[in-house]
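A.B. asks: Turn this into a structure:
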Amino acid sequence: MATSEITAPSGLGPPVARWRMWMWAVAHAVDDLYQGLVLASVPYFVLERHYSYVAASGLTLAATLGSALPQPLIGIAVDRLRLPRLAAAGVLLAGVGYGLSGQAGPYAVVWLLLLLSGLGMAMFHPAAGRAARQAAGDSVTGMSVFAAGGTLGFFLAPVLATPVLVSLGVGASVLFIPPAVLVAFVLARNVRREPVAGHRQATGRDQWRPFAVLTVIGVIRSTVFAAITTFIGLYWIRYLHGSQVIAGVALACFLGGGVVGTVLGGRLADRLGLVRSVQLGAVLVAPMLIGLRLQSGPLLSLLFAVLVGVALNIPFAVLVRLGQDYLPARPGTAAGVTLGLSVSVGGLLAPVFGLVADANGPQMVFTLLCFVPIAAFVLGLFLSPPHHLERH
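C.D. replies: Residues are numbered from 1 along each chain as shown. Now for the predicted structure:
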């Protein structure tokens, strides 16, 4: 079994680095908030605009396509041209695109606005991932704070959207634009204060083979994540016979566990090493899913919803950091793939489980999910530690 070099915990660094790390974490939370808001708003578009299920899925597809396809190219551009204000422009576009979608009339305009919102997310991740890595330095814990910001934003989306859209309608999406404007302003001002030279730049030979393995592991993780977030509510209602409120609590437990797991994964990686942390996360997910699947009541199952969220997200920040270590001269490209492309591809694969649910119910989805993490663990055995990097 390949093991990773164990690095000493380094916390979040000096005060300036801590400030930048938290700034990027908050920005990541706001950016990914809009990804969650798109998903949370789809039912309200259906109810108010009388969209078909196909049209509703098309809205999700628009945001996913906008965020998935351009990210590798944007990552390459960030590595070559730096583009320091791209992250600010990205979060602004993500917020404005989503915010105006509820005000738009024709379906084609709504679709285009959500596509642009997804493009904004694609612009944000490579640039932000590169800047966050510079702020975090050698600390995986620091990168986990950045990654946890995105998980937190996704978690907050349904919490914030439900009362607003229920009381005011889908047109109230415009009320969610101000956070994007504020964060874009802060990021744009910060760019002028950050040094354009003198930061530590990692050098070394790119390791494309382990990076490809890591990317597939990321796709597997995000596929499980997308399937759970899509079907956990139906599983609680139709199989565990819980109420709609308990079903919502189950989703919140899973996503809340994900925030905890993301931060925990960074701390474990600082102590155990990067590769071991990825392997550990893959080992823990299957038993937690099996424990969830074996429960027959809606309340005790909530504990396993939390544990599944924790285990599934232990490798999340580590995947981002390890990907950048495999491609030391291309941190933007690595972040675009691990933070953006692999997550979006996982979402595109989720409809496969929808076919399973239509034929056999949501319980069969969770039965199959118990086996999926095994593939991630097997692939994890082929990961090699990153080469020692020279820094100057």
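
A.B. asks: And the strands in this structure, which stretches?
C.D. replies: Applying DSSP state E to the chain gives strands spanning 202-203, 390-391.

A.B. asks: Can you name the residues that contact residue 92?
C.D. replies: Listed by C-beta atoms under 8 Å, 6 or more residues apart in numbering, the contact partners of residue 92 are 120, 180, 181, 184. For glycine as for every other residue, the C-beta is placed from the backbone atoms N, C-alpha and C.

A.B. asks: no no, residue 183
C.D. replies: 26, 27, 30, 31, 88, 91.

A.B. asks: of the contacts of residue 92, closest to residue 364?
C.D. replies: residue 120 (36.2 Å; C-beta to C-beta).

A.B. asks: Pull the number of nearby residues for that closest one.
C.D. replies: Neighbourhood size, residue 120 [other C-beta atoms under 10 Å]: 26.

A.B. asks: Could you measure from it over to residue 367?
C.D. replies: From residue 120 across to residue 367, the span is 37 Å (C-beta to C-beta, to the nearest Å).

A.B. asks: Any stretches of the chain with poor pLDDT?
C.D. replies: Residues of the chain that meet the criterion pLDDT under 70 lie in 1-16, 53-54, 57, 192-204, 347, 350, 388-392.

A.B. asks: biggest helix in it, by residue count?
C.D. replies: Using DSSP state H, we find that the single longest helix of the chain is helix 15-49.

A.B. asks: Report how many residues lie close to residue 191.
C.D. replies: Counted with other C-beta under 10 Å, residue 191 comes out at 16.

A.B. asks: residue contacts, it?
C.D. replies: Taking C-beta under 8 Å, 6+ apart, one finds 84, 85, 88 in contact with residue 191.

A.B. asks: Residue 183 versus the last one, what's the distance?
C.D. replies: The span separating residue 88 from residue 183 equals 8 Å under the rule C-beta to C-beta.

A.B. asks: ditto for the first one
C.D. replies: Separation of residue 84 from residue 183 (C-beta to C-beta) stands at 15 Å.

A.B. asks: try residue 279
C.D. replies: From residue 279 across to residue 183, the span is 35 Å (C-beta to C-beta).

A.B. asks: can you check residue 319 too?
C.D. replies: Distance from residue 319 to residue 183, counting by C-beta to C-beta: 24 Å.

A.B. asks: Residue 160 now?
C.D. replies: Using C-beta to C-beta, residue 160 is found at 15 Å from residue 183.

A.B. asks: Check residue 134 too.
C.D. replies: Counting by C-beta to C-beta, the gap from residue 134 to residue 183 is 19 Å.

A.B. asks: My read is that residue 241 contacts residue 298, right?
C.D. replies: Yes - applying C-beta atoms under 8 Å, one finds residue 241 in contact with residue 298, separated by 6.6 Å.

A.B. asks: Looking at the two, which one has more neighbours?
C.D. replies: More crowded of residue 241 and residue 298, by other C-beta under 10 Å: residue 298, with 19 against 11.

A.B. asks: Please look at the more buried one and residue 248 and confirm they touch.
C.D. replies: No - using C-beta under 8 Å, residue 298 makes no contact with residue 248, being 11.6 Å away.

A.B. asks: What segments of the stretch 251-392 of the chain are helices?
C.D. replies: Assigned by DSSP state H, counting those that start in this stretch, the stretch 251-392 of the chain shows helices spanning 274-294, 301-313, 316-326, 331-335, 342-360, 362-369, 372-380.

A.B. asks: And for the stretch 101-250 of the chain?
C.D. replies: 107-136, 140-168, 177-193, 208-234, 244-272.

A.B. asks: and those, which is most packed in?
C.D. replies: Of the helices of the stretch 101-250 of the chain, the one with the most neighbours on average (mean count of other C-beta atoms under 10 Å) is helix 107-136, at a mean of 25.

A.B. asks: tell me what that helix is packed against?
C.D. replies: Packed against helix 107-136, as judged by 3 or more C-beta pairs under 8 Å, 6 or more residues apart in numbering; DSSP states H and E, are the following elements: helix 15-49, helix 53-68, helix 71-81, helix 86-101, helix 140-168, helix 316-326, helix 331-335.
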